[in-house]
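Q: Following is a predicted model, sequence given first.
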Amino acid sequence: MIARTAAVVEPGGVLGELSCAPPLTLRQVHGDVPGRLELRLVGTAAGPLAGDDLSLSLRLRPGARATLRAAAASLAQGNNQGASTLSVRADLGDGSDLFADPGPLVVCHGSRVDVRLGVTLGRDATLEWRETIVLGRTGEPAGEATLRWDVTRLGRPVLRQFVDLADRAWTAWPGLTAGRRVLACGLIADPSATPRTIVASQTAVAQRLADRSLLVTVLGNDAAAANQELEELATSARAH
């Protein structure tokens, strides 16, 4: 399946354009913050499945503000029939603000999914992006996944990262996953922030990047607990 979903956000919390194709469907919901658009990512079909090519595109006009959350986790299934691709693109105009958490992606045994995130940040744009990969359902062997982040501001790199969770030799290495099945990570790019690096443990680190940005990484065996730890660590690192 090839599916493309795209949205354009205008200033004032206005949804300017929207086109959806299952399984990636966006819905506008009521928000409590005036001038901020609230979007929910809803799975309207099974996916990603083996061979799927799915993409989500978000464009925030200058000064626009938006929040994207998932209604539920996504389940990647493959039965050893080939890889699927999930690509996300976010283009943030000058002075825009986006918080995004597309929800946990559970990579079932026998499946492989390649996740790609590309973000361009305009001048003074603020981003907070969360990503959670769960290798296998409870009690089953892990699936395979890769995660690539490519984030730039005004053409200059903020973060270029590739995590290979598909190579068994790499995932068996304690220095990569430490035997954990959950990878929770978050990128905060805020021109007004002065974050600091915090090593909370061997499996939870907030690392200050250039351009007033912060990368938080937590390994665990429970997605909810890992994300709670990520939230607490990000808050501590930003409070400096």
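A: Cool, got the structure.
Q: What residues are bridge-paired with residue 186?
A: Each beta-bridge partner of residue 186 is listed here, defined by DSSP bridges: residue 130, residue 216.
Q: repeat for residue 59
A: As for beta bridges, residue 59 partners with residue 8, residue 91 under DSSP bridges.
Q: Tally up the residues packed near it, please.
A: Here the neighbour count serves as a burial measure; for residue 59 (other CB atoms under 10 Å) it reads 19. For the C-beta atoms, the positions are set from N, CA and C on the backbone; glycine is no exception.
Q: Return the residues in contact with it.
A: Going by CB atoms under 8 Å, 6 or more residues apart in numbering, residue 59 touches 6, 7, 8, 9, 90, 91, 93.
Q: swap the cut-off to 10 Å and go again
A: Contacts here follow CB atoms under 10 Å, 6 or more residues apart in numbering; on that basis residue 59 touches 6-10, 16-17, 89-93, 96, 120.
Q: okay, it: pLDDT?
A: As summarised for this prediction, residue 59 has a pLDDT of 98.
Q: Now do it against residue 215, distance only.
A: 24 Å (CB to CB, to the nearest Å).
Q: Tell me which residue is most central in this structure.
A: residue 131 (3.3 Å; CA atoms, centre = their mean).
Q: Model confidence for it, exactly?
A: Model confidence at residue 131, given as pLDDT, is 96.
Q: Endpoints of stretch 165-180, how far apart?
A: Between the opening and closing residues of stretch 165-180 lies a distance of 11 Å (CA to CA, to the nearest Å).
Q: contacting residues for the nearest residue to residue 101 once chain neighbours are set aside?
A: Spatially, and ignoring its direct neighbours in sequence, residue 101 is nearest to residue 130 (4.0 Å; CB to CB, 6 or more residues apart in numbering). Going by CB under 10 Å, 6+ apart, residue 130 touches 68-70, 99-104, 184-188, 216, 227, 230-231, 234.
Q: Please repeat the previous calculation with a cut-off of 7 Å.
A: Residue 130 makes contacts with 100, 101, 186, as judged by CB atoms under 7 Å, 6 or more residues apart in numbering.
Q: What about residue 165, how many residues nearby?
A: By the measure other CB under 10 Å, the count of residues near residue 165 is 23.
Q: can you check residue 4 too?
A: Residues contacting residue 4 under the criterion other CB under 10 Å number 14.
Q: One more: residue 156?
A: For residue 156, the count of nearby residues is 9 (other CB under 10 Å).
Q: repeat for the one 10 residues further on
A: When neighbours are counted by other CB under 10 Å, residue 166 registers 18.
Q: hang on, the earlier thing: next one: the residue nearest to residue 101 relative to residue 53, how far apart?
A: With the distance defined as CB to CB, residue 130 ends up 23 Å from residue 53.
Q: same thing with residue 147?
A: The span separating residue 147 from residue 53 equals 17 Å under the rule CB to CB.
Q: which one of these two has more residues nearby?
A: Comparing residue 147 with residue 53 by neighbour count (other CB under 10 Å), the higher total belongs to residue 147, at 20 against 14.
Q: Can you verify my assumption that residue 5 contacts residue 22?
A: No. In terms of CB atoms under 7 Å, residue 5 does not count as a neighbour of residue 22; the distance is 8.9 Å.
Q: Give me the more crowded residue out of those two.
A: Summary of the neighbour comparison: residue 5 and residue 22, criterion other CB under 10 Å, with residue 5 having more neighbours (20 against 15).
Q: Please name the residues that touch the more buried one.
A: 19, 20, 21, 24, 25, 26, 56.
Q: Show me which of those residues is closest to residue 153.
A: Within the contacts of residue 5, distances to residue 153 taken as CB to CB reach their minimum at residue 56, with 20.8 Å.
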